[in-house]
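1. sequence and predicted structure, then a few things I'm wondering about:
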Amino acid sequence: MKHNPYNSQHIPSQAPGNQQGFWSQMARKGVHFPFTCNNHHVSSKVLRSRKPSELRTLDPSEGGYNERQIRDITFPWWGLVYFYAVTFAKVIAIYFMPLAFLVFGGMNLSSKAIQSDFNQIYLGLICITLVCLLIWWSFSFFNGKLPIKTLFSLSRETGMVTLYGFGNNVRFSHPFVEFDCYLTTSPTPQGFINYQLFLVHRYNGYKHGVPIGRFINGSRDLDEYKRLWNMIQAYMDVSQPLPDIPMNEPFRHKDSATVAYDKAHHRKPDFWFSMDDDAFEQAVTKIVEKQNSEPPLGEVIQIPTTDSIATTPNTASA
């Protein structure tokens, strides 16, 4: 089945939501971000996520990001366990083990305890260090070879939003315009507020939302989430250019709306990649200062409505 991409200039009439599903109802108690016109604001966290010097060394065809779609990818559960184990082993080997040798070495010099007791301690520390170094070293062998899974995808080409579940099986897939964006909050053990940004399907009571807030995970700046929502709308909107961030530089010439915009605004094809890291930081600082003086979202788009009852089957198999 052919799907039409999202175009903010030609939005089909939408039926009112049916408010089904417990999770959907809870998510809708959060802050609603409406569909808005593109004001070209970008999330500063996304903007700074990769410097041009890093991106120049990467193959643009790798990963889940291009001018056609964004795929948010992660490791399967056991891959995440292994990744955290490697991180933990690295910290122990670099920081804790040298400190432990210094502490017990000092105690050995100043204590009258039997030397054989300290020898056993040294042996134990050596064994722990070797195990940690082995786990850390193993990552250099498995890095790039660990399987990955897709959490969700956003397709500029087809206008579809797809959420994946266990085994990379599709949970659901629907047109972008059928989703509502909500910012939910929850307290952290430290007493801070944890923000999460979701796309919630308007017509089905799914118990899962699309966690688009993962792109700026951990941010406590409300306006950052609004600018992220602006970026995602711009990315999905074929009438608008791709968001102007370094990650999009290798693909801008492949998207017709972006090419037209860049030509009209005399934007250099290598605007970001021509910068060194210092110039990049200066440019980002100037952009952030300008954005902070303006509203994070553009003018609200009045989506046309219809009184008909929505019938939006899950198009995962379409």
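-> Structure received.

2. regarding the residue nearest to Ile193 when sequence neighbours are not counted, what is its secondary structure?
-> Setting aside the residues directly before and after it, Ile193 is nearest to Thr185 in space (C-beta to C-beta, 6 or more residues apart in numbering), at 5.2 Å. For every residue, glycine as well, the C-beta is placed using N, CA and C. With DSSP: H, G, I helix; E, B strand; the rest coil as the basis, Thr185 sits in strand.

3. can you check Val161 too?
-> Secondary structure, three-state DSSP: Val161 is strand.

4. report how many residues lie close to the nearest residue to it once chain neighbours are set aside.
-> Nearest residue to Val161 in three dimensions, chain neighbours excluded: Phe176, at 5.3 Å (C-beta to C-beta, 6+ apart). Number of residues near Phe176 (other C-beta atoms under 10 Å) recorded here: 23.

5. cool, Ile11 as well?
-> A count of nearby residues for Ile11, using other C-beta under 10 Å, gives 15.

6. what's near enough to touch it?
-> Phe35, Val177, Ile301, Ile303, Pro304 (C-beta atoms under 8 Å, 6 or more residues apart in numbering).

7. that's a helix at the second one, yeah?
-> Yes - under three-state DSSP, Val177 falls within a helix.

8. okay but it is in contact with Gly159, surely?
-> Yes - using C-beta atoms under 8 Å, Val177 makes contact with Gly159 at a distance of 7.4 Å.

9. now Leu183: how far from Tyr95?
-> According to C-beta to C-beta, to the nearest Å, Leu183 and Tyr95 sit 37 Å apart.

10. of the two, who's got more company?
-> With neighbours defined as other C-beta under 10 Å, Leu183 and Tyr95 compare such that Leu183 has more, 19 against 10.

11. right, and the more buried one touches Val31 too?
-> Yes - with contact defined as C-beta under 8 Å, Leu183 reaches Val31; the gap is 4.3 Å.

12. thinking again about what came up before, redo the contacts of Ile11 as CSV? Include secondary structure.
-> CSV is the format used below for the contacts of Ile11 (three-state DSSP):
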residue, secondary structure
Phe35, coil
Val177, helix
Ile301, coil
Ile303, coil
Pro304, coil
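
13. give the ChimeraX command for selecting the buried subset of those residues.
-> In ChimeraX syntax, the buried subset of the contacts of Ile11 is picked out as below (16 or more other C-beta atoms under 10 Å):
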select :35,177,301
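
14. what's in contact with stretch 93-100?
-> For stretch 93-100, the surrounding residues in contact (C-beta under 8 Å, 6+ apart) are Leu125, Ile128, Thr129, Cys132, Leu133, Trp136.

15. try stretch 116-126
-> With contact meaning C-beta under 8 Å, 6+ apart, stretch 116-126 is reached by Met97, Ala100, Phe101, Phe104, Met107, Asn108.

16. can you name the residues that contact the last one?
-> For Asn108, the contacting residues are Gln115, Phe118, by C-beta under 8 Å, 6+ apart.

17. can you give the contact residues for the strand or helix carrying Phe280?
-> Here Phe280, judged by DSSP states H and E, is contained in helix 277-292. Residues outside helix 277-292 that contact it (C-beta under 8 Å, 6+ apart): 41-42, 44, 47-48, 51-53, 223, 227, 246, 272, 275.

18. taking the contacts of stretch 93-100 one by one, which sit in helices?
-> Mapping the contacts of stretch 93-100 onto helices (DSSP state H) picks out Leu125, Ile128, Thr129, Cys132, Leu133, Trp136.

19. rebuild those as JSON lines, extending it with distance to Leu199, pLDDT and neighbour count.
-> Listed next are the ones in helices among the contacts of stretch 93-100 as JSON lines, based on distance: C-beta to C-beta, whole Å; pLDDT from 0 to 100; neighbours: other C-beta atoms under 10 Å:
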{"residue": "Leu125", "distance to Leu199": "50", "pLDDT": "87", "neighbour count": "16"}
{"residue": "Ile128", "distance to Leu199": "45", "pLDDT": "91", "neighbour count": "16"}
{"residue": "Thr129", "distance to Leu199": "46", "pLDDT": "90", "neighbour count": "18"}
{"residue": "Cys132", "distance to Leu199": "41", "pLDDT": "89", "neighbour count": "21"}
{"residue": "Leu133", "distance to Leu199": "43", "pLDDT": "90", "neighbour count": "16"}
{"residue": "Trp136", "distance to Leu199": "38", "pLDDT": "85", "neighbour count": "19"}
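
20. next, format the residues you listed as TSV and append distance to Pro296.
-> Output for the ones in helices among the contacts of stretch 93-100, formatted as TSV (distance: C-beta to C-beta, whole Å):
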residue	distance to Pro296
Leu125	52
Ile128	49
Thr129	49
Cys132	44
Leu133	46
Trp136	41
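
21. farthest-separated two in those?
-> Using C-beta to C-beta, the ones in helices among the contacts of stretch 93-100 span at most 16.1 Å, a distance reached by Leu125 and Trp136.

22. rewinding a little: find the residues that touch each one of Val177 and Gly159.
-> Tyr6.
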